[in-house]
Each structure stands twice: as C-alpha cells, then as structure tokens.
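**Student:** just to be clear, the model below is a prediction. Sequence and coordinates:
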Number of protein chains: 2
Amino acid sequence: MPLQDYMKIVSVDDHVIEHPRVWTDRLPERYKGSGPQILETDKGHHVWKYEGQIFPYIGLNAVAGREPKDFGMEPVRYEDMIPGCYDPAARVADMDVDGTHAALCFPSFPGFGGGVFQRAKDKELALLCIQAWNDWHIDEWCAYAPDRLIPLGILPVWDPLLAAKEVERLAAKGCRTVSFPDSPVPLGHPGFTSDHWAPVWDACEATEMPVSLHFGSGGFVPGFPFTTRTGTVGRSAEAQVDDTPFAIAISLFATNLMWSTSEILFSGQLQKHPKLQFVLSEGGIGWIPYILERCDFTWDRHRWYQDIDKEAKPSDLFREHFWGCFIDDEHGLKNRHDIGVDRLLLEIDFPHSDSNWPNSRKRANEVLADVPDDEAHKICELNARKLLRFDA
Amino acid sequence: MPLQDYMKIVSVDDHVIEHPRVWTDRLPERYKGSGPQILETDKGHHVWKYEGQIFPYIGLNAVAGREPKDFGMEPVRYEDMIPGCYDPAARVADMDVDGTHAALCFPSFPGFGGGVFQRAKDKELALLCIQAWNDWHIDEWCAYAPDRLIPLGILPVWDPLLAAKEVERLAAKGCRTVSFPDSPVPLGHPGFTSDHWAPVWDACEATEMPVSLHFGSGGFVPGFPFTTRTGTVGRSAEAQVDDTPFAIAISLFATNLMWSTSEILFSGQLQKHPKLQFVLSEGGIGWIPYILERCDFTWDRHRWYQDIDKEAKPSDLFREHFWGCFIDDEHGLKNRHDIGVDRLLLEIDFPHSDSNWPNSRKRANEVLADVPDDEAHKICELNARKLLRFDA
C-alpha cells in the first residue's frame, strides 16, 4: 500500500548549509576575525575561511532541484542553491512540496560530525565554534519550526570530558541526537573498542541521547585507490586520484558503517552502556542482514580465544542498540524482517544528490508499496519519533 | 531438498600448505640457499625463511579438525596439522570424509595472491619462486588426482608483461584459474581502473582463464583500527593493535571485495575485455544485492559528469563478469535470484577456521535445504565446472 495520509514522514537525515553569519554572530569579540567567515574570491565564488585555510565548497553537494546531468557543477555561491538549503522558512516550504513533515539536519561546513573543528589547531576557538553551531542550529534554525526541524548537535570529540559536558548542555537545550564521527580513528583518536569514550557514552545514556554515525563523518573515504595512493586517510573528495571515478567511493560509503558496526558490536562497550543507541546515518540497510550473519558466524567460531563477550551474540546486540537508515533501498526493505521493522528509519537527504526531492514521498510510496501499513508507518514516522523523543 | 547423491561438490576455495621442499626441489643451483626454506627454531617451531626474513605461521590458520575453543593456537609444526594440509593423498582422503569431490587450493606461505613474492627485493628470484610454486602445484599436488584437485596459478604482478607470459605458460600446463590480488594498490601498483593491466587481462581472455580475487590477497586488512593506527596498509594479522579483537577484521573481510567489485564495475575495463571473468573468492554473497543496487543507483545519478560508461549498467556488467562464492551464507542464498543462480559457487575452505570440515556436505545440505535440485546442482557443482572448464 502507498503511505496513508495520516502517516507523516519524519526524516532522520537531511543537511543544512550554514548561512554566512553563523559564527560572526556568536563568537566572542576576540575571536570574531578568526572564526569561520564567508569570503568572495576573484572568480566570484563564495568560500569559507577558517584558521587561514580556504574551504571551497560551501554547498557540499547541495544540488536539490537539478537534473542528474547537472550534478557535476557544485554550487559556488549561495544564489546557486535553492534557498531551502540555508533559510528555515524556505526549507519548511520545500519540505511541504516534498511531502516531508520533519527533518533532522546535519552540518555542512563543519563536516557531518564536526571534523573541521576536530582537526583545528586552536582548540579553545574550535570548542566555541562547535557551541556556536549548536546554538545557531537549535536557537535559530530549529526554533523557526520546532515541530518540523529536529535539533542535532556536534561535539568536541578531542576531549571526552568536554564532549560529555556538551552532551549535557545540548540535552538541556532540547537537542535530540548528537552526530559523532563514524570512526574517531582517522581523526587520531582511539577506536570504539576503547574505554576512552566512556564519559561521552555515560552522558548520552543519562540524557537519552542517541548517537548518529553519519558515513564519512570520520573523514575516511572508502575504496582502495582513495586510501592508499595518497598514503593518507582523513581526506575527502580531493583525494580522488588519476582516472578513478569518484562514483566508486559514492557506491561504497556504507562500508564505513559496516566497519563501525562490527567494531562496536565486538567492542564490549554496549554491555557497559546498556541504554546506548547508535544510528547508522545514510548507511543504507540492504547490507545489514549479511553483516549480522557474518558477525554471528565469526563470534561463534572465534570468541573463545579473543577478548570478546562469550554470552552476547552480535545480532542480538544490534537489535538492542542500532538503527538502520535508508533513502532508497529495495533489497533492504524486502529483507526488513531480518533486520527488525522496529529499527528502520527513513531518510530524505535534502538537498544532496541522493535525495529524491521534490518527489520524496512519491518515491517512499514506491519503495514501501509492498509493506503493510503498520510497518510502513513505523518506518516512515513512528520509529523516528520514538528514538528521538520527537512527539506528534 | 538436501543435495542428491548425483551432485558432486566442486569447491572453488580451499588452501594447501606447502611442504618444506617446494622451492629447494625446484630453484636453480645458485638460488637454492636463498629461496624459501623451512627452519626449526629454538622453541621447536617450523618457520619459513626467505630473503633473510622469518615467516612464523606455516599453517596460516590451518585448524581443520579442531574445536573452535582451540582455534587460537596456530599450528607451529607440520605435525600440528592434519596431513591433508600438505599431502595430496591425505587431502583426497579428507575430501572423501567431507563429501567433497574436487577442490581448488590457494597458496599459504606465498599469500593467497603471491603477495610475499610481489613484495620481494630480488625480482628475478621472486619470478622463479612463483614458477616453482606453480610447477609444484600443477605437476605434483594436482597431478596426484587430476579429477579431484583443480590447478591454480599465481603471477608476477609487478610486471604485467611477465604476468601475461606466466598466464600463457600456466594455460599450456592446464591451469584453470589465476589468483590475482584483491587490490593491486596496497602492493604499490595502479588500481583496477588503469590500462596498466591490459596485457594480463588480454592473456586471461585469450586463454579463457578466470581471475580469482581472494579477500586479503592484496594485503589490506579491513576495519578502522587496522588501517590507520599503524599508518600503513599491506599489513596482516600482526597489525592488530591494543585491545581490538581480530574478530572485527574477520567479520569484515568481504568489504575488501565490495571495494574491488565496485572499482572494476566502474573501471571501464570490462568493456575493453568482454570475456574477462572475476571470481570473488571467500567473499560471501549476502552483500551482493545491496552493492549492485547501490552501484546502479550511483551510476544512474553520477555517470553524467564522470568518466563512466553511459550505457552499461553496473549490475548487468556484474552478471556477465563476476562469480559470487560462499561457504555458509543463508541471507545470500535466500536472495540468490537477485544475484543470479548461474553465478554462484560453493566453497569448502579446508583447512581454515571458516570451513565446516568434516561436515561440509552436511552443512551444504542445511544451507541449500530450501533450494530446488536444479539450482542446488548448479551452485554446488555445475557452475564451477563451467567456469573452470573442469569436466566430469
């Protein structure tokens, strides 16, 4: 059946483009000149400048409303994007056109998980920049339409105690999830197996704050040529080399979240943090049954001689602690019962190239056509409301 | 239905442990002392020595016949392994016990794709070592039971013209497939997108030689901590760090072959080599429908502005050029028609820890229980015979 009229789409993955004054409006006087600001280049491009570095793509693939044949031309000025990218009133109107009721928006300039600030030199400034983004996002962007825009925050990941404090500050402001790097390792930090992150997870449990892991937020781009010819990780699209189409990386982004999922399932941390919830943002869902089967198989044969929980099966841990997210994933939906209908969430991904805007509801009707009403309602709305404590 | 008696299991992935005289028997006099040889350490361990380096694990996870609780203890002497690991007469007897008719065996000491020789300093010696392995494998190992053991060769990947010549030499000796690194990039070579490999692919097409990509054969171990904390790729199990269980990498090995698959599908090389066949050895199959759907989606939206074939859809190319392999993959079999029943191959993986020996046929009966006879026969025997031109 198509989506019934009473079902409202609550999307758990969209993107907001920061307007030019997010930081100049909010940083203390002494940092006004050194925080992120928009410059206009000789070519008439709008670019971000921060700590002496130029960041050329303000829109980060904000191509909504274009034909795929025109996707290659990145927006280089605010006027190249539809206003819903950066203006909340226009965004809500774009959501109305699209048939989307509510949206959870990730950052653009800071990176999906705030990686630009994680890599910054001046960490006092970086913390203020993170808090400025969070304040702008909650007090200005989401405040425009609190029943339509869901608050998300980013964290000072370089210091788990500071990050825990920011989780508490965000919770007090009504924030509903934090975006954490899909792996902290490319940012130079310990992985998910480490107790290093206990203060952050404690704070997230205490405040019922789900942790959204958006693919790419740790800065790692999947695919052999991307990782190794440059000799580095933590690079982005500019790491593309030679004749290697970037489509390869685009098609493989979910492998990042396969790595994160397995690492967390085998980490032992879920047993120490029984209320902790992870959201696999823009990860797709079609791979989940295979990876769970493979994790269980590995656990069955290899747990005896390794430092792995002997009692808790990975797939059982998954169904208590993870949420799968998809935009357009027919194989995943066909196999939804092997994942768990209560753990699936719909994404719109406005204004990126994976989005179906302005036909998102139409496309959701197609991919959910064979799904019974009660399940479709959970997937498009009720699961997200429950996870994010975002009431109708 | 369980496998019928007339269905013979032809496994496309097993492993052979080299006996101590493979190279000392075959290298020319001047290289006798510098080729790979077995030493006995003070602790009584058998180890390989080659180019001054000690390689401690002769058995490479050769644990067949043990309980999983004892998997942690690597065999350190030939006597710690069952003789079927290195003795072809014993192997055939082990296959009889297991209900397996024929086996395709990958190398152990050289690495699945000959990586030890690809990384060697003296390339003249390395080429002779590769040819010695190939000659031993075909003339001694497979010759013992030509209707039970299927010849496989490794290549001097560092030089595409030499590799092409070795493909031709192997074809003349009756070899049925070559093992090529799952990515040549961690070995310091161009990726699959490059025309660099054209001589190898030309030779494989001319000789009807399928290319087996065994996970891990390029030396890359998946999972964030493995890649980045060490700052290197091309490391193996010893790259395990801190408190990170190696089970994470074991559960994620298929992600290597997801990367290889997407890279080859978008490379344009399949259009230049229309008869080329790739085998995804030990890659599992449950992930294939998701990755194909995702590659098609990416192709649909992003081919216009990238150097990508505008006509050939990735999933169509997959079904003409790829073969999926599995040991034990219930999700994949349930979704076998989304992959293609004509492109699926069964693996036994003797003597490694993923193997079900001596119950492989029993386990195949279980996983194929819901598969009709004609499809099960293709999957366990006929597809492999067709691909490898290995007649009954």
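**Tutor:** That came in fine, so what should we check first?

**Student:** if I read this right, A:Gly72 contacts B:Ile308, doesn't it?
**Tutor:** No - applying Cβ atoms under 8 Å as the test, A:Gly72 and B:Ile308 come out as separate, 11.6 Å apart. From N, CA and C alone the C-beta is placed, and that goes for glycine too.

**Student:** can you pull the contacts of A:Arg389?
**Tutor:** Contacts of A:Arg389 were listed using Cβ atoms under 8 Å, 6 or more residues apart in numbering or on different chains, and they are A:Arg176, A:Glu208.

**Student:** if we can go back for a sec, ok, A:Gly72 and B:Ile308, which is more surrounded?
**Tutor:** When A:Gly72 and B:Ile308 are compared for neighbours, B:Ile308 comes out ahead with 20 against 12, by other Cβ atoms under 10 Å in any protein chain shown.

**Student:** low pLDDT regions in chain A?
**Tutor:** For chain A, applying pLDDT under 70 flags the ranges A:1, A:73, A:224-243.

**Student:** all strands of it, in order?
**Tutor:** A:10-15, A:37-40, A:46-50, A:53-55, A:102-106, A:149-150, A:152-154, A:177-181, A:211-214, A:278-281, A:322-326, A:344-346 (DSSP state E).

**Student:** other SSEs contacting the longest one?
**Tutor:** In terms of contacts (3 or more Cβ pairs under 8 Å, 6 or more residues apart in numbering or on different chains; DSSP states H and E), strand A:10-15 is packed against strand A:102-106, strand A:278-281, strand A:322-326, strand A:344-346, helix A:383-388.

**Student:** so how far is it from its chain's centroid?
**Tutor:** On the basis of Cα atoms, centre = their mean, to the nearest Å, strand A:10-15 is displaced by 9 Å from the centre of the chain it belongs to.

**Student:** same check, this time on the last one
**Tutor:** Here the centre of mass of C-alpha atoms in strand A:344-346, compared against the chain's by Cα atoms, centre = their mean, lies 13 Å away.

**Student:** how about residues contacting that strand?
**Tutor:** A:9-12, A:279, A:285, A:323-327, A:336, A:364, A:378-380, A:383-384, A:387.

**Student:** partners of it, with directions?
**Tutor:** strand A:322-326 (parallel) (DSSP bridges).

**Student:** just want the angle from the strand it pairs with to strand A:10-15.
**Tutor:** If you take axes from the mean of the first three to the mean of the last three Cα atoms, to 10 degrees, strand A:322-326 sits at 70 degrees to strand A:10-15.

**Student:** now stretch A:251-262, how far from the chain's geometric center?
**Tutor:** 13 Å.

**Student:** what are the contacting residues of it?
**Tutor:** A:182-183, A:192, A:213, A:215-216, A:218, A:220, A:222-223, A:278, A:280, A:282-284, A:287, A:291, A:295, A:314, A:318, A:322, B:222-224, B:248, B:251-252, B:255, B:258-259, B:262, B:266, B:290-291, B:294-295, B:297-298, B:314.

**Student:** not counting residues beside it along the chain, what's closest to A:Asp122?
**Tutor:** A:Glu51 (6.8 Å; Cβ to Cβ, 6 or more residues apart in numbering or on different chains).

**Student:** is the residue nearest to the spatial centre of chain A in a bridge, and if so with what?
**Tutor:** Nearest to the centroid of the C-alpha atoms of chain A, with distances taken as Cα atoms, centre = their mean, sits A:His214, at 3.1 Å. The partner list for A:His214 in beta bridges (DSSP bridges) reads A:Pro181, A:Ser281.

**Student:** ok, it - contacts?
**Tutor:** Contacts of A:His214 (Cβ under 8 Å, 6+ apart): A:Asp13, A:Phe106, A:Phe112, A:Gly113, A:Ser179, A:Asp182, A:Ser281, A:Glu282.

**Student:** quick one: name the residues of the stretch 1-150 of chain A near chain B.
**Tutor:** A:Pro68, A:Lys69, A:Asp70, A:Phe71, A:Gly72, A:Met73 (Cβ under 8 Å from any Cβ of the partner chain).

**Student:** let's see 7 Å
**Tutor:** A:Pro68, A:Lys69, A:Phe71, A:Gly72 (Cβ under 7 Å from any Cβ of the partner chain).

**Student:** most neighbours among these, which one is it?
**Tutor:** Within those, A:Phe71 tops the neighbour count with 18 neighbours, counted by other Cβ under 10 Å.

**Student:** helices of the stretch 201-350 of chain A, start to end?
**Tutor:** Secondary structure of the stretch 201-350 of chain A by DSSP state H, counting those that start in this stretch: the helices cover A:224-228, A:247-265, A:269-272, A:288-302, A:314-321, A:330-334, A:336-339.

**Student:** pick the most buried one from these.
**Tutor:** Across the helices of the stretch 201-350 of chain A, averaging neighbours per residue (mean count of other Cβ atoms under 10 Å in any protein chain shown) puts helix A:247-265 on top, at a mean of 27.

**Student:** and that one with helix B:314-321, angle?
**Tutor:** 90 degrees.

**Student:** only C-alpha atoms, please: export helix A:247-265 in PDB.
**Tutor:** Extracted as PDB, the C-alpha positions of helix A:247-265 are listed here (Å, rounded to 0.1, in the frame of the first residue of the first chain):
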ATOM      1  CA  ALA A 247      31.400   7.100  -8.200                       C
ATOM      2  CA  ILE A 248      33.300   4.200  -6.700                       C
ATOM      3  CA  ALA A 249      33.600   5.900  -3.300                       C
ATOM      4  CA  ILE A 250      30.000   7.000  -3.500                       C
ATOM      5  CA  SER A 251      28.800   3.500  -4.100                       C
ATOM      6  CA  LEU A 252      30.900   2.200  -1.200                       C
ATOM      7  CA  PHE A 253      30.100   4.700   1.600                       C
ATOM      8  CA  ALA A 254      28.200   2.100   3.500                       C
ATOM      9  CA  THR A 255      31.300   0.000   4.000                       C
ATOM     10  CA  ASN A 256      32.400   2.700   6.500                       C
ATOM     11  CA  LEU A 257      29.400   1.900   8.600                       C
ATOM     12  CA  MET A 258      29.900  -1.800   8.200                       C
ATOM     13  CA  TRP A 259      33.300  -1.300   9.800                       C
ATOM     14  CA  SER A 260      31.800   0.900  12.600                       C
ATOM     15  CA  THR A 261      29.000  -1.600  13.300                       C
ATOM     16  CA  SER A 262      31.300  -4.600  13.600                       C
ATOM     17  CA  GLU A 263      33.800  -2.700  15.700                       C
ATOM     18  CA  ILE A 264      31.100  -1.600  18.200                       C
ATOM     19  CA  LEU A 265      29.400  -5.000  18.300                       C
END
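
**Student:** just want the angle from that helix to strand A:177-181.
**Tutor:** Using the same axes, to 10 degrees: helix A:247-265 against strand A:177-181 is 110 degrees.

**Student:** got the angle for helix A:247-265 vs helix B:288-302?
**Tutor:** Using the same axes, to 10 degrees: helix A:247-265 against helix B:288-302 is 140 degrees.

**Student:** from the stretch 1-150 of chain A, which residue is nearest to chain B?
**Tutor:** A:Gly72 (2.7 Å; Cβ to the nearest Cβ).

**Student:** buried subset of the contacts of A:His214 as a ChimeraX selection?
**Tutor:** Command for ChimeraX that selects the buried part of these, burial taken from 16 or more other Cβ atoms under 10 Å in any protein chain shown:
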select /A:13,106,112,113,179,182,281,282
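
**Student:** thank you, goodbye.
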